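Engineer: based on what follows, work out the 3D shape:
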Amino acid sequence: MRGKTSSLALAAAVVSVGVACNERRATFMERTQDTEASRRTVESSFIPMIDNAMIHDMSIADMHFVPHTAELNDAGLMRLDRMAAFLDAYGGEVCYETYTADEALIEERLVHVGEYLELVGCDMESISVEAQLSGGRGMSAAQAIEIMDKGTQVQASGGGGALPTGGSAAGGD
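Structural biologist: Numbering: from 1, shown residues only. Modelled structure (predicted):
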């Protein structure tokens with residue numbers, strides 16, 4: 001009888017553990033979005049990282065403008081607002097990275113960014129806005145030219161140039 005009772009107790013324990021293991025646990029996002037306070041806690045961890053990255057590259061891009069216009073969209077306004085405090089204190093260069101070939105639109109956007117920074121109180125004597133790639137880690141132009149001149153693959157002795165690994169005859173990436 002005692003063995004039968006032990007077996008039943010063991011079976012009940014296994015069933016209850018199985019039920020507990022099958023309960024759905026809340027995901028990380030569900031746990032952090034339950035309350036406004038928890039959202040602020042998570043958000044407060046990411047804001048300094050985002051600001052540091054933004055200050056590192058000091059750039060805006062096409063996505064910060066209303067398409068086909070020089071008007072800053074909400075993302076562009078927010079980015080420049082956050083950049084403005086740093087620029088006003090230390091000066092610097094804002095890089096506008098673009099894929100557009102429309103020189104008139106590029107110039108309008110550069111002027112508009114400068115006007116906006118001046119409007120929010122930045123001293124434009126120490127700030128420039130240029131259409132160029134943002135800074136950051138990379139190599140110097142001299143290093144890039146040396147690598148380009150040298151090439152990345154030894155030429156075949158048969159005369160014709162070999163394509164770089166993964167390249168195409170059209171030269172497109």
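Engineer: need the residues that contact the strand or helix carrying residue 75.
Structural biologist: Taking DSSP states H and E as the definition, residue 75 sits inside helix 74-90. By Cβ atoms under 8 Å, 6 or more residues apart in numbering, the residues outside helix 74-90 that reach it are 51, 54-55, 58, 60, 63-65, 72, 92, 94, 113, 116-117, 120-123, 126-127. Where C-beta positions appear, they are placed from N, C-alpha and C, glycine not excepted.
Engineer: swap in 7 Å and give it another go.
Structural biologist: 51, 54-55, 58, 60, 63-65, 72, 94, 113, 116-117, 120-123, 127 (Cβ atoms under 7 Å, 6 or more residues apart in numbering).
Engineer: tell me which of those fall in helices.
Structural biologist: Within the contacts of helix 74-90, residues falling in helices by DSSP state H are 51, 54-55, 113, 116-117.
Engineer: pick the one among those residues closest to residue 98.
Structural biologist: Nearest to residue 98 among the ones in helices among the contacts of helix 74-90: residue 113, at 11.7 Å, using Cβ to Cβ.
Engineer: could you measure from that closest one over to residue 69?
Structural biologist: Using Cβ to Cβ, to the nearest Å, residue 113 is found at 13 Å from residue 69.
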